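>>> predicted structure and sequence below. I'll ask about it afterward.
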Amino acid sequence: MWGLSGPRHVNGIQLGWPAVSLQNAIGVVSEAVSHGASVIDTSNFYGGGRGEEILAEIHQDQLAQCRVFTKGGLKSGGCAPVNKVPRDFSAEYIQACFDESAQRLKHHAIDTYFLHGPNLDTMSDTALLSALDELKASGRIKKLGVSLRRSGLANEEYLRMIKNCSAIDVVQLPVSPLYPDLVRRLLDGFFSSFEVIGRSVYGHGILLGPGFSPHRYISADHRHGLLKDAEFAERAAIVSKAVVQAAEEKDVSPSMFLKGFALGNEALDTVLFGCSSKVQVRQNFAKDAFVLDRAEIEAFCAKITRAFAE
């Protein structure tokens, strides 16, 4: 639902997407459901809760086949360095986030509630874990999840904090070749005790090119801000070039290659595909025969790692 929730600007950072009308957003969700979508993923932070409000406009029966995910922990204001998202994972704030999300979602039950990019010390907060356990015990959620923050993906201490937390049932993380070391760790079973949800298959669409200048996107688009990070833009350019080359060798499109890269990852229980139009829904649900096997995924990850080191 992030791509349908519109612009979001917090503390000097673009964190949203171009605006989509309510009618079009509902149409995209309905199209996804008609193609067999089993998960709808949103957050109280997306568009300031707009993603949840959009879902509330859809009849309960229409989403009966779908598990609804939402998240909490990011803030629209508060103390944080410039260009950093304010976060609060105190028990009180997370409880308030959950209650507001449940109210916005109205008749749609929350299957899994995610901490949205928690800090290093979050999972040792006994008051928070107790509050989340109560949500599960009361039946208000079925599972507790953690959506990993991008800055923690290469942090060994952060990853092990998540892995060793017995309160967690589900982890959500990016699975594009932008993060080759993380993908290989997944294949090796690092998070095998959890349900694993893959996201950002196309690197927010950035890996599909063309060009890696922030001016490729309007200022309200979070990718404008991402590509201002010179290191990220350089890595994206390296990966995109490798994807194009590999796709040509396999005689498929770059988008099909990235889709096959994610769907072939045997460590993933579910793969999330972001869509902001009905056309994108149909493309993502197309019954493509192309899927990479484990050896091919590992070889491509190794190639990207070598390219990063050069």
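All right, it came through fine. Numbering: from 1, shown residues only.
>>> quick one: neighbours of the residue nearest to residue 226 when sequence neighbours are not counted, just the number.
When the adjacent residues along the chain are set aside, residue 226 lies closest to residue 232, with 5.8 Å between them (C-beta to C-beta, 6 or more residues apart in numbering). Using the backbone N, CA and C atoms, a C-beta is placed for each residue, glycine as well. Number of residues near residue 232 (other C-beta atoms under 10 Å) recorded here: 17.
>>> residue 232 reaches residue 223, doesn't it?
No. At 10.1 Å, residue 232 does not count as touching residue 223 under the criterion of C-beta atoms under 8 Å.
>>> quick one on the thing from earlier: so where does the residue nearest to residue 226 fall, helix or strand?
According to DSSP states H and E, residue 232 maps onto helix 230-250.
>>> how near is residue 21 to residue 51?
14 Å (C-beta to C-beta, to the nearest Å).
>>> would you mind listing where the stretch 151-300 of the chain has pLDDT under the threshold?
Within the stretch 151-300 of the chain, no stretch has pLDDT under 70.
>>> re the thing from before, the helix or strand just after the helix holding residue 232 vs helix 230-250, what angle?
Past helix 230-250, further along toward the C-terminus, the next helix or strand under DSSP H and E is helix 254-263. With axes from the mean of the first three to the mean of the last three C-alpha atoms, to 10 degrees defining the directions, helix 254-263 sits at 100 degrees from helix 230-250.
>>> hang on, the earlier thing: what sits up against the helix holding residue 232?
Contact with helix 230-250 is made by 176-178, 203, 206-209, 212-214, 226-227, 253-254, 256-258, 290, 300, 303-304, 307-308, as judged by C-beta atoms under 8 Å, 6 or more residues apart in numbering.
>>> for residue 269, which non-adjacent residue is spatially closest?
residue 195 (4.9 Å).
>>> count of residues packed around the one you found?
16.
>>> surely it and residue 168 touch.
No. Using C-beta under 8 Å, residue 195 makes no contact with residue 168, being 9.5 Å away.
>>> the chain: helices as residue ranges?
Along the chain, the segments classed as helices by DSSP state H run 22-34, 50-56, 91-105, 126-137, 156-163, 180-187, 222-226, 230-250, 254-263, 278-284, 294-309.
>>> for the ones you listed, give me a markdown table that also has distance to residue 143.
Shown next, in a markdown table, are the helices of the chain (distance: least, C-beta to C-beta, whole Å):
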| stretch | distance to residue 143 |
| --- | --- |
| helix 22-34 | 21 |
| helix 50-56 | 18 |
| helix 91-105 | 13 |
| helix 126-137 | 7 |
| helix 156-163 | 15 |
| helix 180-187 | 19 |
| helix 222-226 | 27 |
| helix 230-250 | 31 |
| helix 254-263 | 22 |
| helix 278-284 | 24 |
| helix 294-309 | 27 |
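>>> residue 62: which of these is closest?
helix 22-34 (6.0 Å; C-beta to C-beta).
>>> can you pull up the most central residue in this structure?
What sits nearest the mean C-alpha location of the chain, by C-alpha atoms, centre = their mean, is residue 199, with 4.2 Å.
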